[in-house]
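In: here's my sequence, what's the structure:
(chains A and B)
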Amino acid sequence: MLEIKNLCAGVEGREILKGVDLTITAGEVHAVMGPNGSGKSTLAAILAGREGYEVTQGQVLYNGVDLLEMDPEERAREGLFLAFQYPVEIPGVNSTYFLKAALNAIRKHRGEPELDALEFLSLVKEKMKLLELREDFLKRPVNAGFSGGEKKRNEIFQMAVLEPKLAILDETDSGLDIDALRVVAEGVNRLKRPDNAQLVITHYQRLLNYIIPDFVHVLFDGRIVRSGGKELALELEEKGYDWIAKHEAVTA
Amino acid sequence: MQTTMIPEQIKQADPYLAAFERFASNGAEEPQWIGQLRKSGMARFSEIGFPTLRDEDWRFTNVAPIARLPFRPLLQPVRGDLPDPTGFNFAKIESSRLVFVNGHFAPELSRVLPLPKGAQITGMANALANDGALAQKHLGRHVRLEQNAFAALNTAFFTDGALVFIPAGVEVPQPVHLLYITTATETGATAHPRNLIVAERDSRVTILESYVSTVHGAYFTNAVTEFVIGEHATVEHCKFQDESPAAYHIAALQMSLGKNCDFISHSIATGAKLSRNNINTVLGGEHIECVLNGLYLTKDDQLADHHMIVEHAKPHCNSHEYYNGILDDRSRGVFHGRILVRPIAQKTDAKQTNKNLLLADTATANAKPQLEIYADDVKCTHGATVGQLNKDSIFYLRARGIDAETARRMLIHAFAGEIIDRIRCEPAREELDRVFWDRLEENPHVADVK
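Out: Below is the predicted model:
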């Protein structure tokens, strides 16, 4: 589904990713872990198509197509979804209006009929239960005045409505208390299917107690320095990122 | 310096003085105190004259075009055909409606719903002719004439307006709508609406004000509205200034707020060639919640100016000002927000934001926040932005599959929507939402904004 080959990228001439290789196949859950400044969020931003990053080398193929050539909205319509680390507050844009516009843009792209207001409402009501969202949620402006936990739940709620093929969760656990974390993680787990995949980006291991990854990768100084199964996350938790840093220093 | 200034101002005031003398000689049936009030207004106007760009409070707004207008106060009610008010905004909202034509109350076009006992909604001229006690207690006692030549001129020449009195403990369930229609086509035809809104303690009322016209003319509306809000009262005020694009509109809004009251005032401005709202609020009791919310949409060579003073005179009050402007062509938006925190007003929480979106490179926004804080335990913040759409917001929408142009359109609408969303009166909110949606969609530049 996703093949990242030797991806090198940066901002304003400063190199952040220094040759990332990662392959994700349908049905898999991958976790990318790393300390602050290792390039985790840069990787998520480049995959989603945020402006301001310069790709200097390498390639990203998404279902065999060059992802980096696509506009952000094209990526979304092709089934790529980024759950933002910092969801943007958009006062004045009603949540229902926004999400219906997004869903219908995606459905149109897939050749499916657009949903009218009633069909949309019955679809989202189901998904709201999944994330334990209050009824008035849809009447509120997008993320405006939401707590940190509400914003993150809203991201996963949007994911549930838009049904992406590849979901990238960028630090979805940050700022969540344990109850909110459980709700969010359960939401994500229920959206897992054999034909989609998830890339979970996180600093801490605790999210991976709830979202069990098939593969764990350690991103350090712009490269994936270690990959393994879910037990790698536990090892990291126990030994800390210093363990990787020391090891890297020795091999360098 | 003084001696050289005076002759110039007397000269400027001359036609106004002459008009005033004619007007005053006809006012024999008025109670004496009103004559005194008018004289004090005229004296003040003669003394200070129209402001110039040298006045700090007027440095972005040149009122010379108003000073150059021939002064034609609309002192008599319209004779003959009256306009049909039903097509104007807010006119279909179920409300007690007072309609004013060229500044004069038109009872034929007005309708007051059954009111709770003691409440009064009536024309000012009527009220003064019958029982002036209430008006005498408040009229001219709140608005400050020292620095406001226009309010002084209004005080000298007002003929009518609205008087709304809500006694203690009374809730008026339907909004009160004050509709001002100008039909005068002469250049310089001037209406001086004078309104007094008194909401006593524990009362609750919503006031809608709208200013419109049936003509395209260089007329002048010079309004003064005094609000006297009692303890624990809940008052919403929503003003929609949608005058003719050739008109001039100046208004003074003076709010005197009592403790624990909840006051929200919206100023929505789309009309007039030049408009200015002087909004002065005095938070004169503890635990007041005061929100001033505004939106201006201008094009061509319009200028929309909001100048406000929020005076925290007691501790533990919250005031929020939210003003957004959407400016096109060569138009200008001016925002001047002064927050004054008196030494006694500890635990003040005052916030102010002014955001401007320019739809054309030739449009201008002037923002002047001004904090004057004499207490030490307060929270005061202000922020002003001028420019373009938020890139993070555009990316967020695109990352959900929405194309770039639709995303930009959504955000332009949102710029208006976030202000309109604060209007609590649902029918007024929905109507303004539609008005702004349509006007923005009609705008050819909305598609080009980056």
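
In: could you point out which element follows the helix or strand bottoming out on mean pLDDT in chain B?
Out: Of the helices and strands making up chain B, the lowest-confidence element is helix B:2-25, at a mean of 70, by mean pLDDT, DSSP states H and E. Downstream of helix B:2-25, the first helix or strand assigned by DSSP states H and E is helix B:32-48.

In: pull out the buried positions in that next one.
Out: Buried residues in helix B:32-48, defined by neighbour count with 16 or more other Cβ atoms under 10 Å in any protein chain shown: B:Ile34, B:Leu37, B:Arg38, B:Gly41, B:Met42, B:Ala43, B:Arg44, B:Phe45, B:Ser46, B:Ile48. For the C-beta atoms, the positions are set from N, CA and C on the backbone; glycine is no exception.

In: can you check stretch A:81-93 too?
Out: By neighbour count with 16+ other Cβ under 10 Å, stretch A:81-93 contains the buried residues A:Phe81, A:Leu82, A:Ala83, A:Phe84, A:Gln85, A:Pro87, A:Val88, A:Glu89, A:Ile90, A:Pro91, A:Gly92, A:Val93.

In: ok, now stretch A:184-192?
Out: For stretch A:184-192, the buried set under the neighbour-count rule, 16+ other Cβ under 10 Å, comprises A:Val184, A:Ala185, A:Glu186, A:Gly187, A:Val188, A:Leu191.

In: helix or strand for whatever residue of chain A ends up closest to chain B, which one?
Out: Checking chain A residue by residue against chain B with Cβ to the nearest Cβ singles out A:Gly92 as nearest, at 3.0 Å. In this assignment (DSSP H and E), A:Gly92 forms part of strand A:90-94.

In: was I right about B:Lys379 contacting B:Ala350?
Out: Yes - B:Lys379 lies in contact with B:Ala350 (Cβ atoms under 8 Å); the separation is 7.2 Å.

In: start to end distance for stretch B:328-345?
Out: End-to-end distance of stretch B:328-345 (Cα to Cα, to the nearest Å): 40 Å.

In: centre of the chain to that stretch, how far?
Out: Taking Cα atoms, centre = their mean, to the nearest Å, one finds stretch B:328-345 lying 14 Å from the centre of the chain it belongs to.

In: domain-wise, how is chain B divided?
Out: Chain B breaks down into these domains under automatic domain parsing: B:2-283, B:389-450.

In: now do the helices in the stretch 1-150 of chain A.
Out: Per DSSP state H, counting those that start in this stretch, the stretch 1-150 of chain A has helices spanning A:40-48, A:72-77, A:95-109, A:117-130, A:148-162. These are given in chain order.

In: would you turn those into a markdown table with distance to B:Asp55 and mean neighbour count?
Out: What follows is these, written out as a markdown table (distance: least, Cβ to Cβ, whole Å; neighbours: other Cβ atoms under 10 Å in any protein chain shown):
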| stretch | distance to B:Asp55 | mean neighbour count |
| --- | --- | --- |
| helix A:40-48 | 50 | 22 |
| helix A:72-77 | 49 | 23 |
| helix A:95-109 | 45 | 20 |
| helix A:117-130 | 53 | 14 |
| helix A:148-162 | 46 | 22 |
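
In: switch the ones you listed over to a markdown table; also include distance to chain B and mean pLDDT.
Out: Formatted as a markdown table, these follow (distance: least, Cβ to the nearest Cβ, whole Å; pLDDT from 0 to 100):
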| stretch | distance to chain B | mean pLDDT |
| --- | --- | --- |
| helix A:40-48 | 5 | 95 |
| helix A:72-77 | 4 | 97 |
| helix A:95-109 | 4 | 95 |
| helix A:117-130 | 14 | 90 |
| helix A:148-162 | 7 | 92 |
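
In: pLDDT below threshold where in the chain?
Out: No chain was given, so I picked chain A. Along chain A, segments meeting pLDDT under 70 span A:250-252.

In: wrong chain, I was asking about chain B
Out: Low-confidence regions of chain B, defined here as pLDDT under 70, cover residues B:1-13, B:27-28, B:449-450.

In: one more pass at 90, please.
Out: B:1-15, B:22-32, B:76-81, B:129-136, B:139-147, B:385, B:387-390, B:441-450 (pLDDT under 90).

In: tell me the residues of it that contact chain A?
Out: By the criterion of Cβ under 8 Å from any Cβ of the partner chain, the positions of chain B lying close to chain A are B:390-393, B:395-404, B:406, B:410-411, B:413-421.

In: those residues in helices, which ones?
Out: Under the assignment DSSP state H, those contribute B:391-393, B:395-398, B:404, B:406, B:410-411, B:413-420 to helices.

In: out of those residues, which end up buried?
Out: Buried positions within those, assessed by neighbour count (16+ other Cβ under 10 Å), are B:393, B:395-398, B:406, B:410-411, B:413-420.

In: so what strands line up beside the host helix or strand of B:Ala223?
Out: Assessed by DSSP H and E, B:Ala223 sits inside strand B:220-229. When sheet partners are counted by DSSP bridges, strand B:220-229 sits next to strand B:189-191 (parallel), strand B:194-199 (parallel), strand B:248-257 (parallel).

In: re earlier: neighbour count winner among B:Lys379 and B:Ala350?
Out: Using other Cβ atoms under 10 Å in any protein chain shown, the more surrounded residue of B:Lys379 and B:Ala350 is B:Ala350, with 25 against 10.

In: if you count neighbours, what's buried in the helix or strand harbouring that one?
Out: The secondary structure element spanning B:Ala350 is strand B:349-358 (assigned by DSSP H and E). Of the residues in strand B:349-358, those buried under the neighbour-count criterion (16+ other Cβ under 10 Å) are B:Ala350, B:Lys351, B:Gln352, B:Thr353, B:Asn354, B:Lys355, B:Asn356, B:Leu357, B:Leu358.

In: which residues touch the strand holding A:Gly92?
Out: When contacts are taken as Cβ atoms under 8 Å, 6 or more residues apart in numbering or on different chains, the neighbours of strand A:90-94 outside the stretch itself are A:98, A:138-144, B:393, B:396-397, B:410-411, B:413-421.

In: sorry, back to before: ok, the buried residues of helix B:32-48 vs B:Gly284, which is closest?
Out: Within the buried residues of helix B:32-48, proximity to B:Gly284 (Cβ to Cβ) peaks at B:Leu37, which comes in at 22.1 Å.

In: what's the closest non-adjacent residue to B:Thr61?
Out: Nearest in space to B:Thr61, with sequence neighbours left out and distances taken as Cβ to Cβ, 6 or more residues apart in numbering or on different chains, is B:Asp305 at 4.6 Å.

In: now the helix or strand harbouring the one you found and strand B:248-257, what's the angle there?
Out: Counting by DSSP H and E, the element that carries B:Asp305 is strand B:303-312. Here strand B:303-312 runs at an angle of 10 degrees relative to strand B:248-257 (axes from the mean of the first three to the mean of the last three Cα atoms, to 10 degrees).

In: so which elements touch the helix or strand just after strand B:303-312?
Out: Where DSSP H and E defines the elements, the next helix or strand beyond strand B:303-312 is strand B:318-327. Strand B:318-327 sits against strand B:289-298, strand B:303-312, strand B:332-341, strand B:349-358, strand B:364-373, helix B:404-420, with contacts defined as 3 or more Cβ pairs under 8 Å, 6 or more residues apart in numbering or on different chains; DSSP states H and E.

In: list the neighbouring strands of the second one plus their orientation.
Out: Applying DSSP bridges to the sheet, strand B:303-312 is found paired with strand B:274-283 (parallel), strand B:332-341 (parallel).

In: residue 237: helix or strand, and which one exactly?
Out: You didn't pick a chain, so chain A it is. Here A:Glu237 sits within helix A:231-239, counting by DSSP H and E.

In: that answer is for a different chain, and I need it for chain B
Out: Element membership for B:His237 (DSSP H and E) is strand B:234-241.
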